[in-house]
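sequence first, predicted coordinates after that:
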Amino acid sequence: MFFSFFKKKTKDSTNNEFNKKSIPTKKKNSVSASRKGELGEYKIDIQLDQLPAPTKHLSDIMVKNPKSLSGFSQIDHVVITTHAIFVIETKNYQGTIYGAKERKEWSVNGKFKMMNPFSKTMATFKF
């Protein structure tokens, strides 16, 4: 009786408990996509750590934004130099970026849409 506990159970196709159709499957890329983004931000953070001494940088900053669903917007990186302040949005995409200076949206491999980084609306951020 003790060893019957370790016996391999047989799969019955009529039993929904073992039927593969009833078992939900996870998408392989759903978790890895967010991890790729985090990896991209981490790689940039390592590079920013190597900037010369008077330069400072901040990463993963939350800014109040009443227009957002959560009430906040996230900024990946801010680099502060003696001459300028740079705001960096990190993407970890692989492929070709398609866009033109006058277009509002660009795309990566025709799949991922992104805002034109040269547009005037992207350059102004109001507090």
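Perfect, thanks for sending it. Numbers count the residues shown, from 1 in each chain.

from now on I want contacts and neighbour counts done on CA atoms only, so please keep to that.
OK.

break the protein down into its domains, please.
Domain assignment for the chain by automatic domain parsing gives 11-89, 93-127.

could you list the buried residues of the shortest one?
Think domain 93-127. Buried residues in domain 93-127, counted by 16 or more other CA atoms under 10 Å: Ile97, Gly99, Lys104, Trp106, Asn116.

so where is this protein shaky, pLDDT-wise?
1-31, 33, 120-127 (pLDDT under 70).

could you rerun that using 90?
1-44, 67-68, 89-97, 100-102, 108-127 (pLDDT under 90).

I figured Tyr93 was touching Ser107, is that so?
No. Contact criterion CA atoms under 8 Å: Tyr93 and Ser107 do not qualify, at 10.6 Å.

coming back round to it: for the buried residues of domain 93-127, work out which two are farthest apart.
Among the buried residues of domain 93-127, the pair separated by the greatest distance (CA to CA) is Ile97 and Lys104, at 13.6 Å.

ok, which stretches of this structure are helices?
Assigned by DSSP state H, the helices in the chain fall at 28-48, 120-123.

now Asn65. Nearest residue, chain neighbours left out?
Counting by CA to CA, 6 or more residues apart in numbering, the nearest residue to Asn65 once its immediate chain neighbours are dropped is Phe72, at 4.5 Å.
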